[in-house]
Every structure is written in structure tokens, then in C-alpha cells.
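# all I have is the shape, not the residue letters:
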């Protein structure tokens, strides 16, 4: 049961499109409204980060299954400046955009699995998974 869809992120409207795609995939996978909202919020945050910091990138959503469990995997990737201080970015309340700073730590809390690979000058890929419980 592997199905993948994606949205290229160039404008603020693409953030909206990625959110909508995520909500639809979460619903099709069988997530309830609360988890749909969590997934949509995580996608929104990841897409906004691409838009603000990298200028362009991609959100991919894949329905996954592993050991009899089903879920959704979100892959946010860009070829932007990368994250120079990952530990600082993962601190609650840290924000470079003047936002609330829920950002990356918020996404990590909303999802079940969260992994960041970032290389300054090369780009960033964030993979987050949410499992049906």
C-alpha cells in the first residue's frame, strides 16, 4: 500500500495545497479528525519553513505500512541554505522569523517519528511519520 503524492512549494498558495493534500491523504488512510489536524499542522509548518528559508522545495506524502501498522510519511525537502545549528532550531521557543517558535519542535511533538538531515549550502530533508493507533 504505497502511494505517494507531492506538491512543489514556491508560493504561499502551495502551502495551502500541501495542507489540503495532507488532510485528504490522512482521511483516506483512516485517521480521525484530531490526527488529521495534527498531520495538517505539521505539513503547514514544514511547507512554511521551505517557503520562508529555502525559497522553494517539495512536500511529499506517502501512505505507508509496516509490521501490520498503517500511517503517513511526510518528506519535506529543499536545496536551500541548510540548517547551521540544528540543536538550536529544535529548542522550544526558538524562531528566526519572529513566529511563535512552535516550528520544528512542534512538528516533532505532533508526529510519531521525526528525522532531520541538513547540510549547510546543500539543503534539508525532514522525514516525519504518523501511525494509526
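Right, received. Where do you want to start? Being a predicted model, the structure only gives us computed values, none of them experimental. Residues are numbered from 1 along each chain as shown.
# residue 51 is in contact with residue 13, isn't it?
No: using Cβ atoms under 8 Å as the test, residue 51 is too far from residue 13 to be in contact (10.1 Å). The way it works is simple: take the backbone N, C-alpha and C, and place the C-beta from them, glycine included.
# more crowded one of those two?
Neighbour totals were compared for residue 51 and residue 13, and residue 51 leads with 19 against 9 (other Cβ atoms under 10 Å).
# for residue 77, see how far away that one is.
13 Å (Cβ to Cβ, to the nearest Å).
# same question for residue 45.
Distance of residue 45 to residue 77, given as Cβ to Cβ: 15 Å.
# surely residue 13 is in a helix?
Yes: under DSSP: H, G, I helix; E, B strand; the rest coil, residue 13 sits within a helix.
# so how far is residue 46 from it?
From residue 13 to residue 46 the distance is 16 Å (Cβ to Cβ).
# do the same with residue 90
Per Cβ to Cβ, residue 90 is found 14 Å from residue 46.
# now do residue 93
For residue 93, the distance to residue 46 (Cβ to Cβ) stands at 19 Å.
# comparing the two, which residue is more hemmed in?
residue 46 (27 against 9).
# that one against residue 106, yeah?
No: contact status for residue 46 versus residue 106: not in contact, 10.4 Å apart, counting by Cβ under 8 Å.
# ok but residue 128 is inside a helix, no?
No: with three-state DSSP as the criterion, residue 128 is strand rather than part of a helix.
# the helix or strand bottoming out on mean pLDDT in the chain packs against which elements?
Every helix and strand of the chain was ranked by mean pLDDT, DSSP states H and E. The lowest is helix 86-89, at a mean of 84. In terms of contacts (3 or more Cβ pairs under 8 Å, 6 or more residues apart in numbering; DSSP states H and E), helix 86-89 is packed against no helix or strand at all.
# list the buried ones in it?
residue 89 (16 or more other Cβ atoms under 10 Å).
# and the contacts of it?
83, 94, 103, 104, 116, 118 (Cβ atoms under 8 Å, 6 or more residues apart in numbering).
# next step: those residues restricted to helices.
In this view, the contacts of helix 86-89 that belong to helices under DSSP state H are 103, 104.
# since that was my last question, I'll sign off now.
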